[in-house]
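Participant: Sequence first, predicted coordinates after that:
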Amino acid sequence: GIAVVLTIDVSGSMAGEPLAEAKAAAKALTARLGTTDQAAVVSFSNQPALVQGFTADKPALDRAIDALAAGGNTALYAAVQASTQLAEQAPLPRRAVVLLSDGLEYGPGGGVSADQTLQLVAGSNTLFMTVGLGASVDSQYLTNLARSGHGQYLVAPAPADLQAVYTVTADVLRQQY
């Protein structure tokens, strides 16, 4: 099995259709997980928050995803740090983080730099898939993050594109493991 950390940007810019589409895409990805797989849900705005710990209980994952609400800034680097640390505690040896963001690092942050997160991910033995939503993302950072985690950076130009991007992500996870 594989342990997947779904990390979802819930900053204020995600309000409305972006968050609704992100929720639908995340639930579609968890639906494709196998019976031996587990997932956890982390949201981030002003700071990262563990919404659901690792579980194979898909209805529990759906409830956690449905409960996400938008507001606040974008503590992207702190979210990467928290997601990587959570993945390292996963109950399964195969680990991945799927991180979605529609913006740049902005706000309180948590005192961690971009370089520190890239080093953390590079040393973590965790596959990192990054998804950039829209045109205002830090695509260079998300690309470097995916490279550090031996994953891929995927772009969803519009919220409606998230389902297709998460389908590709689920396929990559299946191929990797």
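Facilitator: Structure received. Numbers count the residues shown, from 1 in each chain.
Participant: Report the contact partners of S136.
Facilitator: Shown in contact with S136 (CB atoms under 8 Å, 6 or more residues apart in numbering): S13, D102, G103, L104. Heads up, the C-betas are built off the backbone N, CA and C, glycines and all.
Participant: again, only using 10 Å
Facilitator: S13, S101, D102, G103, L104 (CB atoms under 10 Å, 6 or more residues apart in numbering).
Participant: now swap in A39 and tell me
Facilitator: Taking CB under 10 Å, 6+ apart, we find A39 in contact with 2-6, 26, 29-30, 33, 52-58, 60-61, 64-65, 90, 96, 98.
Participant: Please list only the buried members of those.
Facilitator: 2-6, 26, 29-30, 33, 52-56, 61, 64-65, 90, 96, 98 (16 or more other CB atoms under 10 Å).
Participant: Now, these that are in helices?
Facilitator: Using DSSP state H, A26, L29, T30, L61, A64, I65 are the members of the buried ones among the contacts of A39 that sit in helices.
Participant: Distance to S45 and pLDDT for these - can I get that in CSV?
Facilitator: Putting these into CSV (distance: CB to CB, whole Å; pLDDT from 0 to 100) gives the following:
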residue, distance to S45, pLDDT
A26, 16, 98
L29, 21, 97
T30, 21, 97
L61, 20, 98
A64, 16, 98
I65, 15, 98
